[in-house]
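A.B. asks: Okay, here's the prediction I keep looking at, along with the sequence it came from:
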Amino acid sequence: MLVHLNRIILTIFISIITTLSFADSQHSHGANTNYLKTDWSFEGIFGTFDRASLQRGYQVYQDVCAGCHSVQHLSYRNLSEKGGPEFLPEEAKAIAAQFEVTDGPNEDGEMFIRPGRLSDKFVKPFPNAKAAAAANGGAYPPDMSVLAKARKGGADYIYSLLMGYEEAPTGYELDDGVYYNKYMPGNKIKMAEPISDGIVEYADGTETTKAQISKDVTTFLVWAADPHLEARHKMGFKVFFYLIILLTLVYLSKQKVWSQFGSKEEKEEEEAFDKAERVVTEYEGEDPKTFK
Ligand code: HEC
């Protein structure tokens, strides 16, 4: 029974640890395991975003992707919130002010243009999906708010896709405006390779290789799809800690309660010893009752 209880406690403990360790990584490991592998700082239960990478990633999004892809769920104020790129509030304000936002109607009933504010949503490149598709040879550049979550393979998929442009194999037919990509389902994508070495210039001196730029923008997209990832990880850590303490207490009190009863093995040993003693005394012709 005692051994049993110990085993139950240990099993609970191990299942909690394994559940927590894998709970957050499922979105980055899709069925196709051929994705390029990258070290993501945000993976695992204790993962956090690399702040500098998020800031660079925002720059890449803005300089390169924002011409075609919207991120409609993000507001400029998100850029300075905890757990995100954490730009200073003044920086986020300045970023917002670079954009023109249609507001109104004013007292004359007319719409007007004003500089963006922190409370504004990210400005979209196209007024609607049809206009976006029409400008891109009929293919709609998907909104990036949840792309990292919506696509199997998550971060690994997006990173691989950005790195996966290749010459099509000989004899492979590609229409105009269609490109060959190793990681796009079906290998055909209607987006020209967006990233190349040196396509952006980083203020912090980080090298601007295609791989680095792709990694930064992917990190940004993972945050955009999951702005509360860090808060959730912190909460997970607290729960984890609490459970360890709880299980330790359960274990200790179990030890205490059960120490009052001898273990099964001890009892059996005792019985065996009594029996042997009786046999010996009977053999010697003594009355076991008077044996001292
Ligand atoms: C010139 C416009 C344009 C630019 C710039 C652009 N994209 Fe795209 N993107 C598209 C279009 C169009 C599609 C849809 C392609 C298709 O469905 O074949 C697409 C699709 C994608 C996809 C999704 C593939 C899928 O699974 O559906 C990802 C990821 C992506 N783009 C990432 C980026 C990133 C990151 C950048 C910036 C570094 C970027 N794109 C810049 C037009 C663009």
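C.D. replies: Perfect, thanks for sending it.
A.B. asks: what does the chain have sitting close to the ligand?
C.D. replies: Within the chain, the positions near the ligand by Cβ under 6 Å from any ligand atom are 60, 64-65, 67-69, 136, 139, 141-142, 147, 151, 158, 161-162, 189-191, 194-195, 217. C-beta here means a position set from N, CA and C on the backbone, and glycine is covered the same way.
A.B. asks: I'd like to know which of those are buried.
C.D. replies: 60, 64-65, 68-69, 136, 141-142, 147, 151, 158, 161-162, 189-191, 194-195, 217 (16 or more other Cβ atoms under 10 Å).
A.B. asks: Now, those that are in helices?
C.D. replies: 60, 147, 158, 161-162, 217 (DSSP state H).
A.B. asks: Name the nearest of those relative to residue 43.
C.D. replies: Distance to residue 43 across those (Cβ to Cβ) is lowest for residue 158, with 14.1 Å.
A.B. asks: got a list of what the closest one touches?
C.D. replies: Residue 158 makes contact with 147-148, 151, 218, 221 under the criterion Cβ atoms under 8 Å, 6 or more residues apart in numbering.
A.B. asks: hmm, try it at 6 Å
C.D. replies: residue 218 (Cβ atoms under 6 Å, 6 or more residues apart in numbering).
A.B. asks: swap in residue 188?
C.D. replies: Here residue 188 is in contact with residue 178 (Cβ under 6 Å, 6+ apart).
A.B. asks: Mind doing that once more with 7 Å?
C.D. replies: Residue 188 sits next to 174, 178, 180 when contact means Cβ atoms under 7 Å, 6 or more residues apart in numbering.
A.B. asks: Same question for residue 69.
C.D. replies: By Cβ under 7 Å, 6+ apart, the residues touching residue 69 are 141-144.
A.B. asks: For the biggest helix by length in the chain, buried residues please.
C.D. replies: Assignment by DSSP H gives helix 229-258 as the longest helix of the chain. Within helix 229-258, the residues that qualify as buried are 229-230, 233, 240, counting by 16+ other Cβ under 10 Å.
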